[in-house]
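Engineer: Next comes the sequence, and after it the predicted model I'd like to discuss.
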Amino acid sequence: MITIGILVIISLHMLSTGVKPDGRASRPSLLLMEVLRPFQALESALTYGASGLVHDYFDLVGVREQNVELRKQLAELQSERARLVELQVENRHLADLLELKEALGTSAVAANVIGSDATGLSRSLVLGEGSGDELRRDMAVVSTEGVVGRLIAVSSSVSRVLLIDDHNSALDAFDQRSRARGIIAGVVDDGLTMKYVDRSEDIKPGDTIVTSGMDGVFPRGLLVGQVARVSQEGPGLFLNVEVKAAVDFRRLEQVLILTQKPVESAPDRKG
Amino acid sequence: MRLIGLFSIATLIALVLQTTLPRLLPLGLFVPDLVLILAVDLGLRHHGSLSAAMAFAMGYATDAFSGSQLGLNALTLTLVFLLAYWLARSLISTSVVIGVVAVFAGVMFKDIGGYFVSSGWSTPPDLHTLIPPMLLQATITALLAPWVFGVMDRAARIIGLRQRAARE
């Protein structure tokens, strides 16, 4: 019981003092991320690359009439084709990222997604690049579809990104049409919400939400998502704004990490 | 040392599965909490300071791959271990069913407690919307528990790790 008491105090201390994921107390956890990297990278390779090979192979096994040599050749060709298709997809993703990088006009590093959050409540992804690739904590992570999140832990060859749909995430954004500003945060049962939007603001479903560049992490004008629903429940000061994220976080394979901090700029107000 | 070795390997395997399965299957919130099952197994069958420290370490390891608050899973898994330990000490026998119930209660406690803590020690406004998915996650995890207990039991026997009975 004494041991448990001590351990509870230690964990409460870590929580209450707000130990950062890259602080001294988190060094063992960063080491652990490094240890698990090969396994996660292997799974990632299997998912993105080799799953086609395995499926094609099993399909061919079922065709008994064909002679063994033909089946073998066909399997090889199918495997080659699956590999080439996968390479083509990867190539397209990387070309899109390169295009985005040039459009943003900032220095950036491409990274593969190799794992996701260990629990269902939080939303984060494990990336196969780390401080060895010049990545640092609090760098912005984007994809060709829009904003992904920010780095919260970086070890030498692995890093972890907190997605914008995590309930602890917050980013400054505004409505592109009405210029109404708010804070984008995650909702635990999926989706995004735009907080602190004044009731008097003109914000409608279908409006595009983009980053404001005021949080010092994301450059201005990156796509966050579209307004899905607006309501005014209760006597509160603010609107309830539901936002549909532009990025499908579950399907992310490659992302771009912006290694240069954005220059702060305020969105123009209408009128 | 055998206890540390067995549960370290089991935790690493569980973490790899927990961080890769959601990308293969559309699990969403329903990621089975395999590490929690291991913590319950520890609490039910392996008593002592080392087991408590192991539960804490397993939670800390989960923190490396989850959320943005270091210590959250370390705290909740230590308390889940305490719950399982208390059950093992209080009940005459600890069957698989007790383990399954402990896992179910543990997941609910960990999810609600974890969300409560990560929301700044205040009741989150959208907690009611979370209960159904939490119940489903707890059910999925509890259903997997007998299988994990079986694997751990066999592994413990193979390496000659002594497992304590209740009230021992």
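Structural biologist: Right, received. Where do you want to start?

Engineer: What residue spans form the domains of chain A?
Structural biologist: A:2-13+A:22-59, A:106-258 (automatic domain parsing).

Engineer: closest to B:Phe56 out of those domains?
Structural biologist: When those are compared by Cβ to Cβ, domain A:2-13+A:22-59 sits nearest B:Phe56, at 4.3 Å. From N, CA and C alone the C-beta is placed, and that goes for glycine too.

Engineer: same question for the closest one, mean pLDDT?
Structural biologist: Average pLDDT, domain A:2-13+A:22-59: 70.

Engineer: Equivalent analysis for stretch A:123-135, please.
Structural biologist: 88.

Engineer: Let's see that stretch as CSV, backbone CA atoms only.
Structural biologist: These are the backbone C-alpha positions of stretch A:123-135, laid out as CSV (Å, rounded to 0.1, in the frame of the first residue of the first chain):
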residue,chain,number,x,y,z
ARG,A,123,-5.9,11.6,-30.7
SER,A,124,-2.2,11.5,-31.7
LEU,A,125,-0.1,9.9,-34.4
VAL,A,126,3.4,8.5,-34.3
LEU,A,127,5.7,9.7,-37.1
GLY,A,128,8.8,8.0,-38.4
GLU,A,129,11.0,11.1,-38.2
GLY,A,130,12.5,12.8,-35.2
SER,A,131,15.0,15.4,-34.0
GLY,A,132,17.6,13.8,-36.4
ASP,A,133,15.5,15.3,-39.2
GLU,A,134,15.5,18.7,-37.6
LEU,A,135,12.1,18.3,-36.0
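
Engineer: Packing partners of the helix or strand containing A:Glu69?
Structural biologist: In this structure, A:Glu69 sits in helix A:68-104 according to DSSP states H and E. Counting contacts by 3 or more Cβ pairs under 8 Å, 6 or more residues apart in numbering or on different chains; DSSP states H and E, helix A:68-104 packs against helix A:51-61, strand A:108-116, strand A:254-258.

Engineer: State the distance from A:Ile6 to chain B.
Structural biologist: Separation of A:Ile6 from chain B (Cβ to the nearest Cβ, to the nearest Å): 9 Å.

Engineer: Which of the helices or strands spans that residue?
Structural biologist: Element membership for A:Ile6, per DSSP H and E: helix A:2-16.

Engineer: list the buried ones in that helix?
Structural biologist: By neighbour count with 16 or more other Cβ atoms under 10 Å in any protein chain shown, helix A:2-16 contains the buried residues A:Thr3, A:Ile4, A:Leu7, A:Val8, A:Ile10, A:Ser11, A:Met14, A:Leu15.

Engineer: Where does the stretch 101-250 of chain A get nearest to chain B, residue-wise?
Structural biologist: Distances between the stretch 101-250 of chain A and chain B by Cβ to the nearest Cβ are smallest at A:Ser122, namely 3.4 Å.

Engineer: ok, and the closest non-adjacent residue to that residue?
Structural biologist: The shortest distance from A:Ser122 to any non-neighbouring residue, by Cβ to Cβ, 6 or more residues apart in numbering or on different chains, is to B:Gly67 (3.4 Å).

Engineer: can you pull the contacts of the one you found?
Structural biologist: Applying Cβ atoms under 8 Å, 6 or more residues apart in numbering or on different chains to B:Gly67 gives the contacts A:Asp117, A:Thr119, A:Leu121, A:Ser122, A:Ser124, A:Leu162, A:Asp166, A:Asn168, B:Asn73, B:Ser118.

Engineer: did I read that right, the fourth one in a strand?
Structural biologist: No. Counting by DSSP: H, G, I helix; E, B strand; the rest coil, A:Ser122 is not found in a strand; it is coil.

Engineer: Can you name the residues that contact it?
Structural biologist: A:Leu162, A:Asp166, A:His167, A:Asn168, B:Ser66, B:Gly67, B:Ser68, B:Ser118.

Engineer: What separates the first and last residues of stretch B:116-132, distance-wise?
Structural biologist: One end of stretch B:116-132 to the other measures 16 Å (Cα to Cα, to the nearest Å).

Engineer: how about the helices in chain B?
Structural biologist: B:2-24, B:34-45, B:49-63, B:72-90, B:96-118, B:127-158 (DSSP state H).

Engineer: got JSON lines for those, with distance to chain A and mean pLDDT too?
Structural biologist: JSON lines is the format used below for the helices of chain B (distance: least, Cβ to the nearest Cβ, whole Å; pLDDT from 0 to 100):
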{"stretch": "helix B:2-24", "distance to chain A": "4", "mean pLDDT": "83"}
{"stretch": "helix B:34-45", "distance to chain A": "7", "mean pLDDT": "90"}
{"stretch": "helix B:49-63", "distance to chain A": "4", "mean pLDDT": "88"}
{"stretch": "helix B:72-90", "distance to chain A": "4", "mean pLDDT": "87"}
{"stretch": "helix B:96-118", "distance to chain A": "6", "mean pLDDT": "84"}
{"stretch": "helix B:127-158", "distance to chain A": "5", "mean pLDDT": "85"}
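
Engineer: which of those is buried the deepest?
Structural biologist: helix B:34-45 (a mean of 28; mean count of other Cβ atoms under 10 Å in any protein chain shown).

Engineer: Just the C-alpha atoms of it, please, in PDB.
Structural biologist: Taking C-alpha atoms only, helix B:34-45 is exported to PDB below (Å, rounded to 0.1, in the frame of the first residue of the first chain):
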ATOM      1  CA  LEU B  34      -4.700  -4.500 -23.600                       C
ATOM      2  CA  VAL B  35      -2.300  -2.800 -21.200                       C
ATOM      3  CA  LEU B  36      -5.100  -2.400 -18.700                       C
ATOM      4  CA  ILE B  37      -5.900  -6.100 -18.900                       C
ATOM      5  CA  LEU B  38      -2.200  -6.700 -18.000                       C
ATOM      6  CA  ALA B  39      -2.500  -4.300 -15.000                       C
ATOM      7  CA  VAL B  40      -5.600  -6.200 -13.800                       C
ATOM      8  CA  ASP B  41      -3.800  -9.500 -14.200                       C
ATOM      9  CA  LEU B  42      -0.900  -8.100 -12.100                       C
ATOM     10  CA  GLY B  43      -3.300  -7.000  -9.400                       C
ATOM     11  CA  LEU B  44      -5.100 -10.300  -9.200                       C
ATOM     12  CA  ARG B  45      -2.200 -12.700  -9.400                       C
END
